[in-house]
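Novice: what shape does this take:
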Amino acid sequence: MGEQSSFRILLIVLDNSLALQIIQTIKSHFAQLPIQTDVVQNAARGISEFREKLHPLIIIEHSIPGMEISNFISEIRRVDGGASIL
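Specialist: Model (predicted):
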């Protein structure tokens, strides 16, 4: 059979140590799955990572440093209107 493709998730969180600990714990429990998770802590870095890798799924908190959430979503949609945003 062919290679398994990697499903990439971009997860943007606030500068919140508890949230980061939870994410790291989840990642460690699912390490065997073909999932690459990129974690960033602000809108500018999130957009930069997205432009570079075009993640099919983006998970964001209701508030992210550096940009209004609606502007962030608009920028992502401008780059790739098909990306799923949760």
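
Novice: residue boundaries of the strands in this protein?
Specialist: Along the chain, the stretches classed as strands by DSSP state E are 7-12, 35-40, 57-60, 84-85.

Novice: what's the neighbour count on Gly46?
Specialist: 27 (other Cβ atoms under 10 Å). For glycine as for every other residue, the C-beta is placed from the backbone atoms N, C-alpha and C.

Novice: for it, give its distance to Gln32.
Specialist: Note on Gly46: its distance to Gln32, by Cβ to Cβ, to the nearest Å, is 26 Å.

Novice: got it, and Asn42?
Specialist: With Cβ to Cβ as the criterion, Asn42 and Gln32 are 30 Å apart.

Novice: among these two, which residue is more densely surrounded?
Specialist: Asn42 (17 against 6).

Novice: how near is the more buried one to Pro34?
Specialist: 27 Å.

Novice: now do the longest helix belonging to the chain: which elements does it pack against?
Specialist: For the chain, the longest helix by residue count, based on DSSP state H, is helix 17-29. The helices and strands touching helix 17-29, judged by 3 or more Cβ pairs under 8 Å, 6 or more residues apart in numbering; DSSP states H and E, are strand 35-40.

Novice: what mean pLDDT does the strand it packs on have?
Specialist: For strand 35-40, mean pLDDT is 82.

Novice: now it - C-alpha only, PDB.
Specialist: Taking Å, rounded to 0.1, in the frame of the first residue of the first chain, the C-alpha atoms of strand 35-40 are listed here in PDB:
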ATOM      1  CA  ILE A  35      -1.000  13.800  12.700                       C
ATOM      2  CA  GLN A  36       1.400  16.700  12.700                       C
ATOM      3  CA  THR A  37       0.400  19.400  15.000                       C
ATOM      4  CA  ASP A  38       1.800  22.900  14.800                       C
ATOM      5  CA  VAL A  39       1.200  25.000  17.800                       C
ATOM      6  CA  VAL A  40       1.600  28.800  17.800                       C
END
